[in-house]
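>>> Here's my sequence, what's the structure:
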Amino acid sequence: MPAPKKNGVQTVWFQNPPVIVATATIVGSKEGQGPLGHTFDKVVEDGYYGEKTWEKGERRMLAEVMNTAVQRANLQPQNIDYLLAGDLLNQIISANFTARDLGIPFLGLYGACSTMYEGLALAGMLIDGGFAENVLVGVSSHQSTAERQYRYPTEQGVQRPLYAQWTVTGAAAAVISRQGNGPVITHATVGRVIDLGQGDPMDMGAAMAPAAADTIARHLMDTGRQPEYYDLYITGDLGTYGRELAVKLLQQKGYDLSSRFSDCGVLIFSPEQDTHAGGSGCACSGVVTCGYLIQEIRAGRLKRMLGVGTGALLSQISCQQGETVPGIAHGVVIEGR
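Residues are numbered from 1 along each chain as shown. Just a heads-up that it's a prediction; the model follows:
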């Protein structure tokens, strides 16, 4: 007997759509200077955020947005059934240490830069499945912490190729509830790991684009919907070149979404800021979704969107051993109500 809430191969639908009742965002100074700077709750000028290390500064940002989101939902930490959170650092230390201080039952997530959407999908399942009343989802990333973990020491000043992206410094959180006012999550499409052999760790857009195209095409097939159903298809951090590649891959699959396909990494920085191919990181899709996109839905300017969090599943060790870069993409439908 098929699962009653399964739609097709990879998609689930929520009978009682969970509500995004509150969100919160913090970003760094570069993000605050970008086109979406006015949509974020707080801009931090100091990369350390008053702490002794970048890692502790990132952790402080994550803790602050989580507490702010809970307060905006008129809840207390003890009212949250589960905390779903992740980041880019080894052993997701930003999420782990923040969870230690909050004391909420915690499920740590690692989906690289797709983690926010992985969390939204799982929160929807927990709530619509009857396992939770309120779920807190949070992510963070930091240009300086990610750069020295995945690439080169910041002080080394290595030249970046033009197709490289800039890790967003920031944190985002959302409270998802069984009832309340706000945009709702109606469907989630869990992605497959796709690897077409791209091995350059600087070119993450090319590594993730096939996964994004696969998830979007599968979502449309699973739901039987036409491309025009959604006002917007937006990926997490494919960047300039990854977005172009995803559009072409979808055209090969028979879907022309070019007129309504955007990317959080493209939106968050302006060309004049010279981040090369745009933004990346857990916080890229996190802050754009919990800031700009949710505001657009609440204002009625956006009615239905398919957000697709994208992640490059690499590590220092895998790169050093010559492995290619697998990609993942999770889709979540958010609608205004």
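>>> in the stretch 101-250 of the chain, which spans are helices?
Using DSSP state H, counting those that start in this stretch, the helices of the stretch 101-250 of the chain run over residues 115-128, 143-150, 204-223, 239-252.
>>> Please identify the buried residues of the shortest one?
In this case it means helix 143-150. Going by neighbour count (16 or more other C-beta atoms under 10 Å), the buried part of helix 143-150 is 143-148, 150. C-beta: built from backbone N, CA, C; applies to glycine.
>>> Show me what that helix is packed against.
Counting by 3 or more C-beta pairs under 8 Å, 6 or more residues apart in numbering; DSSP states H and E, the packing neighbours recorded for helix 143-150 are helix 54-72, strand 166-167.
>>> can you check the third one too?
The criterion is 3+ C-beta pairs under 8 Å, 6+ apart, and the helices and strands that helix 204-223 contacts are strand 11-13, strand 184-189, strand 232-235, helix 239-252, strand 304-312, strand 327-335.
>>> Averaged pLDDT, the fourth one. What do you get?
I take that to be helix 239-252. Helix 239-252 carries an average pLDDT of 97.
>>> picking up where we left off before, closest to residue 108 out of the helices and strands packed on helix 204-223?
Each of the helices and strands packed on helix 204-223 has some distance to residue 108 by C-beta to C-beta; the shortest is strand 304-312, at 15.0 Å.
>>> pull the CA atoms of the helix or strand following the closest one into CSV?
Sequence-wise, the next helix or strand downstream of strand 304-312 (DSSP states H and E) is helix 316-320. Output of helix 316-320 as CSV, limited to C-alpha atoms (Å, rounded to 0.1, in the frame of the first residue of the first chain):
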residue,chain,number,x,y,z
GLN,A,316,38.8,19.0,2.6
ILE,A,317,39.6,15.3,2.7
SER,A,318,37.5,14.4,-0.4
CYS,A,319,39.1,17.2,-2.4
GLN,A,320,42.6,16.3,-1.3
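>>> can I see the domain layout of this protein?
What automatic domain parsing lists as the domains of the chain is 6-177, 184-335.
>>> can you pull up the bridge partners for the closest residue to residue 109 other than its chain neighbours?
Leaving aside its sequence neighbours, residue 109 sits nearest to residue 86 (C-beta to C-beta, 6 or more residues apart in numbering; 3.8 Å). Beta-bridge pairing of residue 86 under DSSP bridges involves residue 139.
>>> next one: residue 107
residue 84.
>>> So for stretch 160-179, what gets flagged as buried?
163-178.
>>> chain center to that stretch: distance?
5 Å (C-alpha atoms, centre = their mean, to the nearest Å).
>>> and the end-to-end length of it?
46 Å (C-alpha to C-alpha, to the nearest Å).
>>> hmm, back to that, ok, the residue nearest to residue 109 to residue 45 distance?
Distance, residue 86 to residue 45, by C-beta to C-beta, to the nearest Å: 26 Å.
>>> neighbour count winner among the two?
A count of neighbours by other C-beta atoms under 10 Å puts residue 86 above the other of residue 86 and residue 45, at 27 against 8.
>>> I'd assumed residue 119 was in contact with the more buried one.
Yes. The criterion here is C-beta atoms under 8 Å, and residue 86 meets it with residue 119 at 7.2 Å.
>>> Can you pull the residues that touch both of those two?
Taking C-beta atoms under 8 Å, 6 or more residues apart in numbering as the contact rule, residue 86 and residue 119 both touch 109, 139.
>>> hey, which of the helices and strands packed on helix 143-150 is tucked in deepest?
Counting by mean count of other C-beta atoms under 10 Å, strand 166-167 has the highest mean neighbour count of these, with a mean of 26.
>>> so what's residue 63 closest to, chain neighbours aside?
Nearest to residue 63 is residue 98, by C-beta to C-beta, 6+ apart, at 4.8 Å.
>>> Same check on residue 79?
residue 134 is the one closest to residue 79 (C-beta to C-beta, 6+ apart), at 5.7 Å.
>>> Find the least confident helix or strand in this structure, judged by mean pLDDT.
Lowest by mean pLDDT, DSSP states H and E among the helices and strands of the chain is helix 143-150, with a mean of 84.
>>> ok, and what's touching stretch 205-214?
Taking C-beta under 8 Å, 6+ apart as the rule, stretch 205-214 contacts 113, 163, 165, 191-196, 198, 200, 235, 237-243, 245-246, 249-250, 253, 265, 277, 308, 310-312, 314, 324-329.
>>> which one of the helices and strands packed on helix 143-150 has the lowest average pLDDT?
The bottom spot among the helices and strands packed on helix 143-150, by mean pLDDT, belongs to strand 166-167, with a mean of 88.
>>> and it, what does it pack onto?
So strand 166-167, by 3+ C-beta pairs under 8 Å, 6+ apart, packs with helix 143-150, strand 279-280.
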